[in-house]
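*Asks:* Test case, fold it:
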Amino acid sequence: MCTNGVNTGQLEMMIDQIDDYIKLERRHAHDLGHLASDAGFTTVGEKLHNVMHLLDEVRATLDEAKEAMEDDAEDAAGFTVQLV
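*Replies:* Numbering: from 1, shown residues only. I've put the predicted structure just below:
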């Protein structure tokens, strides 16, 4: 569906793609954090776990963006364009 020239289905799919990428990077940060901690690099492990939590926040914000997109699309649905 297009709303004001924006294909909302594609927009949602692209947000999902970003989320998938962030999910993968979160897993890498998690695994590396444990690897570093287990090898005695305590500070590095803590920093990588902090990265993991920040990526969790990014994913939550992406979810909020998808919800906002649905609300914005409903609000913009009354907009019409006429070809002159």
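*Asks:* Could you list every helix and strand that the helix or strand where His34 lies packs against?
*Replies:* Assigned by DSSP states H and E, His34 belongs to helix 8-38. Applying 3 or more C-beta pairs under 8 Å, 6 or more residues apart in numbering; DSSP states H and E, we find helix 8-38 packed against helix 42-76. All C-beta spots, glycine's among them, are computed from the backbone N, C-alpha and C.
*Asks:* rewinding a little: pull out the buried residues from the helix holding His34.
*Replies:* Thr8, Asp19, Ile22, Arg26, Ala29, Leu32, Gly33, Ala36, Ser37 (16 or more other C-beta atoms under 10 Å).
*Asks:* isn't the fifth one right up against His53?
*Replies:* No - Ala29 sits out of contact with His53 when judged by C-beta atoms under 8 Å, with a separation of 9.2 Å.
*Asks:* Point out where the chain drops to low pLDDT.
*Replies:* 1-5, 76-84 (pLDDT under 70).
*Asks:* could you redo the last one with a cut-off of 50?
*Replies:* Scanning the chain with the threshold set as pLDDT under 50 gives 81.
*Asks:* and stretch 46-55, C-alpha only, in CSV?
*Replies:* Taking Å, rounded to 0.1, in the frame of the first residue of the first chain, the C-alpha atoms of stretch 46-55 are listed here in CSV:
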residue,chain,number,x,y,z
GLU,A,46,31.8,-5.4,30.1
LYS,A,47,32.1,-3.0,27.2
LEU,A,48,30.8,-5.6,24.8
HIS,A,49,27.9,-6.4,27.0
ASN,A,50,27.1,-2.7,27.2
VAL,A,51,27.1,-2.7,23.4
MET,A,52,24.7,-5.6,23.5
HIS,A,53,22.3,-3.6,25.7
LEU,A,54,22.6,-0.6,23.5
LEU,A,55,21.7,-2.7,20.5
